[in-house]
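> Got a predicted model here, sequence first, then my questions.
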Amino acid sequence: MTEGGPTTGGGLAIIYKNGISVRTHPINDLLHPSLFELQLVKVTSCAKSVTLVNIYRPPSRALCSAFFDELSDAIGAVVAGSSDPLLLCGDLNCPGTVSSAVDARLTDVFTTFRLTQLVHSATRDTNLLDMVVTDSTVAVTNVQVSDAGLASDHRLVTAKLGLHPPAHSAIPVNFRRIA
């Protein structure tokens, strides 16, 4: 935190299970957004990878068209610079007109890149601010919003990311009965 900077909010973190490889994405150094914080990593497990884009947009900054342009440019650069499926998450602070929706301009950005927003209930007070967004090739299940013991002013959003190989790709096991 910088001297004289905000005393609450901000910052990004990715929490993951042992056995999953999380590395800074090769195109991370090419992106320098000024209107939001960005964490870009490549997540790999069982020879499957996904590009994870984690975003925090401070609510103290006005929600203007420049943000949506910058976000669109960043997503475009990620899509162009990676062949991996895309998972975007974070606190975008773009509430919609109802508690189960986000700002229509944000929806337009997601639609442009054929992304689907998977959180459908308020994550702070009566606003949907925190989201999980994927392309159609990412297996995300069990998206849940919970109070998590009221540890934060935001509700906790959790999801399961399927990076395990499909059952049909399991290594065959040969055996014989000994008894």
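Sure, I can see it. Numbers count the residues shown, from 1 in each chain.
> residues near Val143, how many?
16 (other C-beta atoms under 10 Å). All C-beta spots, glycine's among them, are computed from the backbone N, C-alpha and C.
> Surely it and Thr158 touch.
Yes: look at Val143 against Thr158 with C-beta atoms under 8 Å: they come within range, at 7.4 Å.
> give me the low-pLDDT residue ranges for this structure?
Low-confidence segments of the chain (pLDDT under 70): 1-10, 149, 163-179.
> Let me see the ranges of the helices in the chain.
Ranges of helices within the chain are 65-81, 104-112, based on DSSP state H.
> Format those as JSON lines; extra columns: mean neighbour count.
Below are these laid out as JSON lines (neighbours: other C-beta atoms under 10 Å):
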{"stretch": "helix 65-81", "mean neighbour count": "16"}
{"stretch": "helix 104-112", "mean neighbour count": "16"}
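> Any chance of CSV for those, columns distance to Gln39?
Shown next, in CSV, are the helices of the chain (distance: least, C-beta to C-beta, whole Å):
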stretch, distance to Gln39
helix 65-81, 12
helix 104-112, 18
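> and of those helices, who's closest to Leu128?
Closest to Leu128 of the helices of the chain, according to C-beta to C-beta: helix 104-112, at 10.2 Å.
> Thanks a lot, see you next time.
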